[in-house]
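Asks: quick one, structure for this:
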Amino acid sequence: MEKSNISYFTPNCVTKLFGTLPNGKVVESYTLSNGKGMEATFINYGATITSLKIVDAKGQPVDVVLGFNDIDDYIDSFNLPSAPYFGSVIGRYAGRINNGTFSIDGEQHELNKNHGIHTLHGGNRGFGRAFWKMKQLQGGSSPSIKFSYTSPDGEENFPGELKITVTYRLTENNELLVKYKAESTKDTVLSLTQHSYFNLDGHSQTVAGQKLVVNADKVLEVNQDSIPTGKFIDVKDTEFDYNSAVDAPLSIDRSFVLENDTEPAASLYSEKTGLKMTVYTNQPSVHIYVGGNCFDSLRGKDGVSYHTTSGICFETQNYPDAPNHAHFPSAVLRKGEVYRRSTKFAFEVL
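Replies: A predicted model of the protein is given here:
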């Protein structure tokens, strides 16, 4: 099958072949667009965002996320010493879990460990390497796509069969909405996030000089393994104070505490393109990440060589290691409950 095969589902929605997995499953790409020139492309491998184009102040489309043109590049990226998780949905648990263990009602669970003695981003495979089903593609003035994945009971040693849907929607206000829904057959823990690397100058540039705001007064204290200690650090007069716009850091890997889900969690602004992105979420934390996992060896879209400052992540999620800290927001999803979380990435030209 040729990658040039294109079929039009509905207005503002285009699908085409992206590649084939080693097990023979077909990966397709789906592009949604709105009336303002915004385009978002997704694949059903990892429910991944591969491209996000916004029209800048000069009327030119800018691809503001890192990614690959080929499925083999996504697969190979997970074989790096530390995978970058470009654009994928992370689960079952975003961030680190100390020693790969947690307890629910006194019953201990020991997970697969993929980050030294700890578990990171769901374990050895996680949802970023899963084959998701495209469940719904809707065109029109607010196009959307829904992916689903069923995580078997015991996958990565997490309890319960977990059924998840992730819905992406574009609005005519140049917003990308991300909504998660999940249910489990057993009590389990869950924290989902979207792991796109953003760059408002375009994915071939550096985030250096772009202005970052994080509306948080506290950040989680972590140990030498980046595991939360359970304590909080006031950001005032520290390197983590981004309450006023400052240059984006060239290296950071920290979780910021969000107190108000009606206020923006964070924003990023580029003077070069005039683009501003504002992040809203009902999650209790935004994990800001810059600085790594590209090893100067990854070639992305358009043959671009990605480097440590190619992008910045806004991982809206529960606190890392929350299952092991009773005073953190609960990460337990009970049997019969419905997990609902959402994040909005709103773009504008200033």
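Asks: mind checking how far Ala83 is from Arg92?
Replies: In this structure, Ala83 and Arg92 are 16 Å apart, going by Cβ to Cβ, to the nearest Å. (Each C-beta comes from the backbone N, C-alpha and C, glycine too.)
Asks: neighbour-wise, which of these two wins?
Replies: The residue with the greater number of neighbours, taking Ala83 and Arg92 and applying other Cβ atoms under 10 Å, is Arg92; the counts read 29 against 20.
Asks: now Ser151: phi and psi?
Replies: phi -90, psi 120 (degrees, to the nearest 10).
Asks: hmm, I typed the wrong one, I wanted Asn98.
Replies: Per degrees, to the nearest 10, the residue geometry at Asn98, taken as phi and psi, is phi -60, psi 130.
Asks: likewise the one 10 residues further on?
Replies: The main-chain torsion angles of Gln108 are listed as degrees, to the nearest 10 and equal phi -90, psi 140.
Asks: list the contacts for it?
Replies: Under the criterion of Cβ atoms under 8 Å, 6 or more residues apart in numbering, the contact list for Gln108 reads 101-102.
Asks: apply 6 Å and report the result again.
Replies: With contacts taken as Cβ atoms under 6 Å, 6 or more residues apart in numbering, Gln108 has no neighbouring residues.
Asks: in the helix or strand harbouring Thr278, what counts as buried?
Replies: Element membership for Thr278 (DSSP states H and E) is strand 275-281. Within strand 275-281, the residues that qualify as buried by neighbour count (16 or more other Cβ atoms under 10 Å) are 275-281.
Asks: just stretch 81-93 next, same as before
Replies: By neighbour count, with 16+ other Cβ under 10 Å as the criterion, the buried positions of stretch 81-93 are 83-93.
Asks: ok, now stretch 98-109?
Replies: Using 16+ other Cβ under 10 Å as the burial criterion, the residues of stretch 98-109 that qualify are 98-102, 104, 109.
Asks: list just the nearest of the residues you listed to Leu120.
Replies: Gly100 (9.2 Å; Cβ to Cβ).
Asks: on the pLDDT front, check the closest one for me.
Replies: Note on Gly100: pLDDT of 97.
Asks: wait, it sits on Gly122?
Replies: No. Judged on Cβ atoms under 6 Å, Gly100 makes no contact with Gly122 at a distance of 11.1 Å.
Asks: how close does the nearest residue to Gly95 once chain neighbours are set aside sit to Thr15?
Replies: Of all residues not flanking Gly95 in the chain, Pro320 sits nearest, at 3.1 Å (Cβ to Cβ, 6 or more residues apart in numbering). According to Cβ to Cβ, Pro320 stands 35 Å off from Thr15.
Asks: try Tyr319
Replies: Counting by Cβ to Cβ, the gap between Tyr319 and Thr15 amounts to 37 Å.
Asks: could you list the low-pLDDT ranges of the stretch 51-200 of the chain?
Replies: Along the stretch 51-200 of the chain, no part satisfies pLDDT under 70.
Asks: which residues of it fall in helices?
Replies: Taking DSSP state H, counting those that start in this stretch as the test, the helices found in the stretch 51-200 of the chain are 71-77.
Asks: hang on, the earlier thing: any chance of the buried residues of strand 275-281 in JSON lines, plus distance to His327 and pLDDT?
Replies: As requested, the buried residues of strand 275-281 are arranged in JSON lines below (distance: Cβ to Cβ, whole Å; pLDDT from 0 to 100):
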{"residue": "Leu275", "distance to His327": "38", "pLDDT": "98"}
{"residue": "Lys276", "distance to His327": "35", "pLDDT": "98"}
{"residue": "Met277", "distance to His327": "32", "pLDDT": "98"}
{"residue": "Thr278", "distance to His327": "30", "pLDDT": "98"}
{"residue": "Val279", "distance to His327": "25", "pLDDT": "98"}
{"residue": "Tyr280", "distance to His327": "25", "pLDDT": "98"}
{"residue": "Thr281", "distance to His327": "21", "pLDDT": "98"}
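Asks: ok, so of those residues, who is nearest Ile288?
Replies: In terms of Cβ to Cβ, no member of those lies closer to Ile288 than Val279, at 10.1 Å.
Asks: hang on, that closest one packs against Ala265?
Replies: Yes. With contact defined as Cβ under 6 Å, Val279 counts as touching Ala265 (4.8 Å).
Asks: what's the first-to-last distance across stretch 67-85?
Replies: Using Cα to Cα, to the nearest Å, one end of stretch 67-85 lies 10 Å from the other.
Asks: low pLDDT regions in the stretch 251-350 of the chain?
Replies: Going by pLDDT under 70, which is the cut-off in play, the stretch 251-350 of the chain has low-confidence ranges at 292-297.
Asks: quick one: the strands in it?
Replies: In the stretch 251-350 of the chain, the segments counted as strands under DSSP state E, counting those that start in this stretch are 252-257, 266-269, 275-281, 285-290, 312-317, 332-333, 339-349.
Asks: direction included, what does the second one pair against?
Replies: Using DSSP bridges, strand 266-269 pairs in its sheet with strand 211-214 (antiparallel), strand 275-281 (antiparallel).
Asks: pLDDT at the nearest residue to Glu239 once chain neighbours are set aside, what is it?
Replies: With Cβ to Cβ, 6+ apart as the criterion, Glu239 has its nearest non-adjacent residue at 7.7 Å, and that residue is Pro249. Per-residue confidence (pLDDT) for Pro249: 96.
Asks: tell me the secondary structure for Pro249?
Replies: In the three-state summary, Pro249 is assigned as coil, counting by DSSP: H, G, I helix; E, B strand; the rest coil.
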